[in-house]
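Undergrad: sequence unavailable; structure follows:
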């Protein structure tokens, strides 16, 4: 499975979870939002590692040009991957046809990846907190 198809499968599993919620008509948007949050957390953890190990004078501001460009780029990629012309429906139909055993294994992989992303972010902030930042001001 290539990275693009894995990303679509990731959306599919989040969509299936969102379908168990109260507002089923918005499940595709909930899944898309969850993907964007996880993408952002992953990038933030990478930025934290960069700051910790390479450039302690680096600063991240929400109003900075690079942050705004990242957010816009993430929105565009995810919009055209899923929401544009309801492409997500094709992926859901495709992955619904998979055998139950394969979907269970895929679900384990997806949820393991989600836990890994969250643990990675927490660990990066832990490392961030261990630095004496007074000497870098």
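TA: Done, it's in. These figures come from a predicted structure and were not determined experimentally. Numbering: from 1, shown residues only.

Undergrad: residue 87: how many residues sit nearby?
TA: 16 (other C-beta atoms under 10 Å). For glycine as for every other residue, the C-beta is placed from the backbone atoms N, C-alpha and C.

Undergrad: I'd assumed residue 81 was in contact with it.
TA: Yes - counting by C-beta atoms under 8 Å, residue 81 is a contact partner of residue 87 at 6.8 Å.

Undergrad: where do the helices sit along the chain?
TA: 3-18, 27-53, 65-78, 87-96, 100-129 (DSSP state H).

Undergrad: okay, these in TSV with mean pLDDT and distance to residue 135 next?
TA: Formatted as TSV, the helices of the chain follow (pLDDT from 0 to 100; distance: least, C-beta to C-beta, whole Å):
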stretch	mean pLDDT	distance to residue 135
helix 3-18	89	40
helix 27-53	90	14
helix 65-78	86	25
helix 87-96	88	49
helix 100-129	93	15
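
Undergrad: can you add distance to residue 59 and give those back as JSON lines?
TA: Listed next are those as JSON lines, based on distance: least, C-beta to C-beta, whole Å:
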{"stretch": "helix 3-18", "distance to residue 59": "30"}
{"stretch": "helix 27-53", "distance to residue 59": "8"}
{"stretch": "helix 65-78", "distance to residue 59": "11"}
{"stretch": "helix 87-96", "distance to residue 59": "37"}
{"stretch": "helix 100-129", "distance to residue 59": "13"}
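
Undergrad: how much space is there between residue 94 and residue 57?
TA: From residue 94 across to residue 57, the span is 47 Å (C-beta to C-beta, to the nearest Å).

Undergrad: more neighbours: those two, which one.
TA: Neighbours were counted for residue 94 and for residue 57 using other C-beta under 10 Å; residue 94 has more, 13 against 7.

Undergrad: show residues contacting stretch 1-18.
TA: For stretch 1-18, contacts defined as C-beta atoms under 8 Å, 6 or more residues apart in numbering pick out 26-28, 30-32, 34-35, 81-82, 88, 91-92, 95, 106-107, 110-111, 113.
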